[in-house]
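[1] Let me see the structure of the following:
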Amino acid sequence: MGAPVYPADEVERLSALRSTGLLDTPPEERFDRITRLAARFFGVETCLLSLVDSDRQWFKSRVGLEENQLGRDISFCGHAILDRGILTVTDALQDARFSENPLVTSAPHIRFYAGAPVREPSGLPIGTLCLIDPSPHYFSDEQKQALRDFADMVEHEIARIDQADESQRRLAASAIRASSILATMPDMVFVIDRHFRFLVCNEHPDLLQPRLKVLGRTIEEVLPGELGVQLTMNVQKAFSYREVIQHNYTLANNTSFEARHVEIDQNEVLVVIRNTTEQTLISAELSRLSDVAKKTTNGVVITDQSGFILWTNEAFSGITGYSPDEMVGRWSGAGLASYYREKTPTQPL
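    Residues are numbered from 1 along each chain as shown. I've put the predicted structure just below:
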């Protein structure tokens, strides 16, 4: 038998092999443990986890062989991946398929070979778990099943890689979505742990420090002074009371913030802080104007854009005869028209 032929799905097979990320990586105990156990169980000199690349077979794990790769054109494993069953060669010197193979006629002087295909989760063969010995061996059906069981253990480990990669992809996608959502929020959003470290922080113009200087640091490191003490106390309250803790913060420059603190799990608190400076100033100005309007003897009425009354002073109530509460929500034109109808005497025709 000459060089092994390439399977019809070679392109897909190579893609599946490379997707595992195993090629040319350091040894891993989870695979080495299997090859050691298999070599001991079957009483052979060499056991390999062989990954069949485009022009080579590279050994992710090996027992009893110095080389870490060999050419695919002279490999036994290149033949083994072509069938779903186990390729068995009891004596290579007596087997016309391999008797002239340089791996038989020279080092490592293979006489016995048994290889079980190893498949990645899609079902494509990416290599073999194989046994090699310089002496001929009879290989029973029970031993073939045992080798298949060892190969299944290898496949299980490879599937775990695929699952871990998928989990990482999902986490990365979730992180991107969360970052996009946070970027569009008008409020500052933080997640703080029990050690008072900032785990999450969105970009926001009101941040006192750049976002990257906030993440991973504690409240005390980011907000020294009274403001940091207040935030720490409110985070602690959120952990203790397990309810929404509301608090208004005011900076030295009179910037005002409204904050909500709520436990999202036993180790994290969500803090949402909104800049309320403008609303605070508007409320203060309205309060001032209200005080002035209450003291004037002129009627004062505040309406919305449609003319519906939002507020009146007592003087306006005196003019219309309706209390402020009765006027709120009414259309101002109707109220005044009613007033003038009542005050204007009726002229007989």
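[2] hmm, which helix or strand of the chain has the shakiest average pLDDT?
    helix 332-343 (a mean of 53; mean pLDDT, DSSP states H and E).
[3] can you map out the strands along the stretch 151-300 of the chain?
    Taking DSSP state E, counting those that start in this stretch to define them, one finds strands in the stretch 151-300 of the chain at 188-193, 198-201, 245-250, 256-265, 268-275.
[4] would CSV of those strands with mean neighbour count be doable?
    For every residue, glycine as well, the C-beta is placed using N, CA and C. Compiled in CSV, the strands of the stretch 151-300 of the chain are given as follows (neighbours: other C-beta atoms under 10 Å):
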stretch, mean neighbour count
strand 188-193, 20
strand 198-201, 19
strand 245-250, 15
strand 256-265, 16
strand 268-275, 19
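[5] Nearest to A8, out of these?
    Shortest distance between A8 and the strands of the stretch 151-300 of the chain, using C-beta to C-beta, is found for strand 198-201: 49.9 Å.
[6] which helices and strands does the closest one pack with?
    Using 3 or more C-beta pairs under 8 Å, 6 or more residues apart in numbering; DSSP states H and E as the contact test, the elements touching strand 198-201 are strand 188-193, helix 211-214.
[7] Adding distance to Q305, write the ones you listed out as JSON lines.
    Compiled in JSON lines, the helices and strands packed on strand 198-201 are given as follows (distance: least, C-beta to C-beta, whole Å):
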{"stretch": "strand 188-193", "distance to Q305": "32"}
{"stretch": "helix 211-214", "distance to Q305": "40"}
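[8] export these to a markdown table and tack on distance to Y138 and mean pLDDT?
    Supplementary listing: the helices and strands packed on strand 198-201 in a markdown table, determined by distance: least, C-beta to C-beta, whole Å; pLDDT from 0 to 100:
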| stretch | distance to Y138 | mean pLDDT |
| --- | --- | --- |
| strand 188-193 | 62 | 88 |
| helix 211-214 | 66 | 81 |
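[9] among those, which is nearest I302?
    strand 188-193 (33.0 Å).
[10] Report the distance from the closest one to the chain centre.
    17 Å (C-alpha atoms, centre = their mean, to the nearest Å).
[11] Now do the helices in the protein.
    With DSSP state H, the ranges of helices along the chain come out as 10-19, 29-42, 77-80, 102-105, 141-184, 211-214, 219-222, 226-241, 277-295, 314-320, 324-327, 332-343.
[12] Now the second one: buried residues?
    The neighbour-count criterion (16 or more other C-beta atoms under 10 Å) identifies F31, I34, T35, A38, A39, F42 as the buried residues of helix 29-42.
[13] same thing with stretch 219-236?
    Buried-residue list, stretch 219-236, by 16+ other C-beta under 10 Å: I219, V222, L223, L227, G228, Q230, L231, T232, N234, V235.
[14] Find the pair from these with maximum spatial separation.
    V222 and N234 (14.8 Å).
[15] separation between H109 and L131?
    Here the distance between H109 and L131 works out to 15 Å (C-beta to C-beta, to the nearest Å).
[16] ditto for E226
    73 Å.
[17] Over to D304?
    87 Å.
[18] Can you name the residues that contact the closest residue to K60 other than its chain neighbours?
    Residue nearest to K60 in three dimensions, not counting chain neighbours: L49, with 4.6 Å by C-beta to C-beta, 6 or more residues apart in numbering. Going by C-beta atoms under 8 Å, 6 or more residues apart in numbering, L49 touches F31, I34, T35, F59, K60, S61, R62, V118, G127, T128, L129, V154.
[19] Please identify which of those residues is nearest to E263.
    Closest to E263, out of all of these and judged by C-beta to C-beta, is F31, at 43.2 Å.
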